[in-house]
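Asker: Could you look at this predicted model? Sequence included:
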Amino acid sequence: MSDLDAIWADLLDWQKTITVKDEQLSRQKPIRNQNWPPVRKPAEIIVNDNLKPAGLDALKKRLVDTPPFTTAEQRDKGKQAAVPLPRQKPAEKALAEKEKGNTCFQKQDFRQAIVHYGRAIELDPSQAVYFVNRAMAYLKLQMYLEAEADCTRGLALQATNVKALWRRGMARRALGRSEEARRDFEKALEIEPDNKPVKDELNRLPNPVQPTKSTITTKGQQRQTAIERRRLPIKVVDAAYPGSTSNVPQAATASKQPATAVAPPPQAAVLSPQPQQQQQQQQPQPQPQPQANANTKVAAPTKDNSAVAKAAFTLSPMTFNIPKTNLEFERDWKACRYRGADVLYQYFQSIPPSAYGSLFRSSLESDQFEQMVDLLESHYTKEKSNQDIFNVLQGLTQVSRFDMLVMFMGSKQKKALEQLFGRMKGSVDENAIKKLAKVYGIKA
């Protein structure tokens, strides 16, 4: 403690000394008319824009490579021989970034290739090849909207760029816009008729829709359109109603035949919904029938007829193509949801649970997730096994932002999940059920 006290005492003495000197300086009067040194004359500094800072490493290398000057004449000659390094132009930098992007693309590092192509575009946005190359990298990553935008910008700079038309057509085909893709491919073939990749992509497109034939009548009459009617194979629209295809012509021919004792099936009215007044006008006038005797009896509808009428409205199993992208799933899901829960179930059960993670890697809507839970409760419990239900629930956990879907799930779906987990007990591994229930926030 003695050493610390001594140090503290020295600091106090130093503080007192500084205070006394400060007071003395404050009492002194300012000295005026002092003799100051003259102001230096301003000097001009010449800056050479062509020179580029080389850094210490380059300076050391130059000093090592250059022999020391012995005389003033040799020093002057060295100054004259020194040539300033030219500054690299933005176009040359952009070309170098493009080469780096091509190298990354060959190594299948498409994201880094996009970065290099983007730098090339920033340095020189007047070259269409940079946009077209980046569009190809976007196509490899299935980023079709970005690829279409880059190809459009490339075509704005060079309208006859076949690669831009070809790659924009590929992007539009993946987005489901077949007609626009067809126009791009046909325009590319006009420029290069022998381009085989463009021909292959054009052949992959579905057949174009035939335009309707229109006929114009004379004055005083209305314009009429004659539509070519042709029979189409029914796959998706009417596959759930197998009796509808055969009932339509029967209903049309039944009106020409004389009335019988058996009533027509009720689905004829459903297939052609019209107002009541129009139906009365369109119904043919009944032909005069011979009067029936008092002993004749009218045949009543039997159970067989009602069974046939009900069988016409039963749903049959449908075949669906497994969607490859989230866009295809959104399109098919909306179409099937409009058809009803049975068709929606048939479509959902056709997708393997192992594909949920890659199919919904961007996002899954909350209402779609709740409808899937409802389908598990209403249809899977009747048609599938408990292991299938477990696989579906396990596959949904691989969806991006799954915790947000569970957070915003409704009370109805939570109750349905509780019933599903209770149902799976005894037939599925209990440890696996507990882990899965914990992820869903359900007490198993």
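Answerer: Alright, I've got the coordinates.

Asker: The helix or strand harbouring residue 418 - what's its average pLDDT?
Answerer: Assigned by DSSP states H and E, residue 418 falls within helix 411-424. For helix 411-424, mean pLDDT rounds to 89.

Asker: now the helices for the stretch 251-400 of the chain?
Answerer: 267-271, 276-282, 303-311, 326-339, 341-349, 356-359, 366-375, 381-383, 386-396 (DSSP state H, counting those that start in this stretch).

Asker: neighbours of residue 363, just the number please.
Answerer: Neighbourhood size, residue 363 [other CB atoms under 10 Å]: 13. C-beta coordinates here come from the backbone N, C-alpha and C atoms, glycine included.

Asker: And residue 137, by the same measure?
Answerer: 25.

Asker: That one belongs to a strand, doesn't it?
Answerer: No. Residue 137: not assigned to a strand; according to DSSP: H, G, I helix; E, B strand; the rest coil it is helix.

Asker: residues in contact with it?
Answerer: Applying CB atoms under 8 Å, 6 or more residues apart in numbering to residue 137 gives the contacts 101, 105, 110, 111, 113, 114, 117.

Asker: looking at it, the fifth one is touching residue 97, isn't it?
Answerer: No. With contact defined as CB atoms under 8 Å, residue 113 does not count as touching residue 97 (10.3 Å).

Asker: out of the two, which sits in the more crowded spot?
Answerer: Neighbour totals were compared for residue 113 and residue 97, and residue 113 leads with 26 against 21 (other CB under 10 Å).

Asker: Counting neighbours, which bits of the helix or strand where that one lies end up buried?
Answerer: Following DSSP H and E, the helix or strand that holds residue 113 is helix 110-123. Buried residues in helix 110-123, counted by 16 or more other CB atoms under 10 Å: 110, 113, 114, 115, 116, 117, 119, 120, 121, 123.

Asker: out of those residues, which one sits closest to residue 138?
Answerer: Of all the buried residues of helix 110-123, residue 138 sits closest to residue 114, with 7.0 Å by CB to CB.

Asker: Kindly provide the distance from that closest one to residue 101.
Answerer: 8 Å (CB to CB, to the nearest Å).

Asker: got it, and residue 162?
Answerer: 20 Å.

Asker: rewinding a little: show me what the helix holding residue 418 is packed up against.
Answerer: When contacts are defined as 3 or more CB pairs under 8 Å, 6 or more residues apart in numbering; DSSP states H and E, helix 411-424 sits against helix 366-375, helix 386-396, helix 430-440.

Asker: and stretch 194-213, average pLDDT?
Answerer: Rounded mean pLDDT across stretch 194-213 is 78.

Asker: Pull out the buried positions in that stretch.
Answerer: 195, 198, 201, 202.

Asker: Arrange the residues you listed in a markdown table, one row each, with distance to residue 348 as further columns.
Answerer: Output for the buried residues of stretch 194-213, formatted as a markdown table (distance: CB to CB, whole Å):
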| residue | distance to residue 348 |
| --- | --- |
| 195 | 41 |
| 198 | 37 |
| 201 | 32 |
| 202 | 34 |
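
Asker: And those, which is closest to residue 324?
Answerer: With CB to CB as the yardstick, the closest approach to residue 324 among the buried residues of stretch 194-213 comes from residue 201, at 16.7 Å.

Asker: didn't the closest one look like it was pressed against residue 169?
Answerer: Yes. Look at residue 201 against residue 169 with CB under 8 Å: they come within range, at 6.2 Å.

Asker: so what sits against both of the two?
Answerer: 181, 185.

Asker: ok but residue 234 is inside a helix, no?
Answerer: No. Under three-state DSSP, residue 234 falls outside any helix and is assigned coil.

Asker: pLDDT value on it, please?
Answerer: With respect to pLDDT, residue 234 has a value of 70.

Asker: Next: residue 281.
Answerer: 46.

Asker: I'd say residue 439 and residue 398 touch.
Answerer: No. Judged on CB under 8 Å, residue 439 makes no contact with residue 398 at a distance of 10.8 Å.

Asker: which SS class is residue 104?
Answerer: helix.

Asker: tell me the contacts of it?
Answerer: So, once contact is read as CB under 8 Å, 6+ apart, residue 104 ends up touching 110, 112, 113, 116.

Asker: run the last query once more with 7 Å
Answerer: Contact partners of residue 104, counting by CB atoms under 7 Å, 6 or more residues apart in numbering, are 112, 113, 116.

Asker: now residue 333
Answerer: residue 368.

Asker: how does it look with 8 Å?
Answerer: 344, 347, 368.

Asker: Show the buried residues in these.
Answerer: Of those, these count as buried by 16+ other CB under 10 Å: 344, 347, 368.

Asker: Would you mind confirming that the first one makes contact with residue 368?
Answerer: No. Judged on CB under 8 Å, residue 344 makes no contact with residue 368 at a distance of 10.2 Å.

Asker: From residue 123, how far out is residue 171?
Answerer: In terms of CB to CB, residue 171 sits 25 Å off from residue 123.

Asker: and if you look at residue 430?
Answerer: For residue 430, the distance to residue 123 - CB to CB - is 62 Å.

Asker: about what we covered before: same list (the buried residues of stretch 194-213) but as CSV, adding distance to residue 23 and secondary structure.
Answerer: Below are those laid out as CSV (distance: CB to CB, whole Å; DSSP: H, G, I helix; E, B strand; the rest coil):
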residue, distance to residue 23, secondary structure
195, 95, coil
198, 94, helix
201, 93, helix
202, 97, helix
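
Asker: Of those, just say which sits nearest to residue 329.
Answerer: residue 201 (23.3 Å).

Asker: For the closest one, give me its contacts.
Answerer: 166, 169, 170, 173, 181, 185.
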